[in-house]
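*Asks:* Provided below are the primary sequence and the corresponding predicted coordinates.
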Amino acid sequence: MKLKILAVGQKMPAWVTAGYQEYAKRMPRECSLDVVEIAPAKRTKQSNMARIVDNEGDRILAAIKDTDYVVALEVKGKQWSTEGLANKLSAWQSIHTHIIFVIGGPDGLSGKCLKRANEQWCLSPLTFPHPLVRVILAEQLYRGWSLMNNHPYHRE
């Protein structure tokens, strides 16, 4: 199974890149984790936010294949425990070869992206700095995989 994060945002701070890479390199070959950065739309005080979100959404959708299973990170999505995520990973592994996790821009995901998503996941009701989300996501995917495989990283 291949896991891919599609994230709006480029040129992340070094601590974000290091944090993401720390967990991505821990994933085994049979469950690799990659990130693809989508360029954010330019924002000004006069920008039409709906148009910006739609533009970013179009670029996200262009990076998704018809056969990909898509999980949108969305504040209104379902929350999963670590055990629930491990169960999801196990189920996905038996059915899908490519799982795409979509992180929208600072103004969220377009309706088209949410409609394309097979599932919507809310990491937390807390608000996080946008770059931190990809680090948290990578860590949680690693933790879920660890639990699924009885790896000692996850301790209850």
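*Replies:* Great, that's in hand.
*Asks:* and stretch 32-41, average pLDDT?
*Replies:* Model confidence over stretch 32-41, given as mean pLDDT, is 93.
*Asks:* now do that stretch: distance to the chain's middle.
*Replies:* Averaging C-alpha coordinates over stretch 32-41 and over its chain gives two centres that are 9 Å apart (C-alpha atoms, centre = their mean, to the nearest Å).
*Asks:* E74 - that's part of a strand, no?
*Replies:* Yes - under DSSP: H, G, I helix; E, B strand; the rest coil, E74 falls within a strand.
*Asks:* just confirm it contacts Q120, I think it does.
*Replies:* Yes - in this structure, E74 is within contact of Q120 by C-beta atoms under 8 Å, at 4.2 Å. Every C-beta, even on glycine, is put in place using the N, C-alpha and C of the backbone.
*Asks:* quick check: neighbours shared by these two?
*Replies:* Both E74 and Q120 are in contact with L114, where contact means C-beta atoms under 8 Å, 6 or more residues apart in numbering.
*Asks:* give me the contacts around the longest helix seen in the chain.
*Replies:* With secondary structure taken from DSSP state H, the chain has its longest helix at helix 130-148. Contacts of helix 130-148 from elsewhere in the structure, counted by C-beta under 8 Å, 6+ apart, are 3, 5, 7, 9, 12-13, 16, 19-20, 22-24, 26-28, 31, 33, 35, 73, 82-83, 85-90, 101, 103, 105-106, 123, 128, 151-154.
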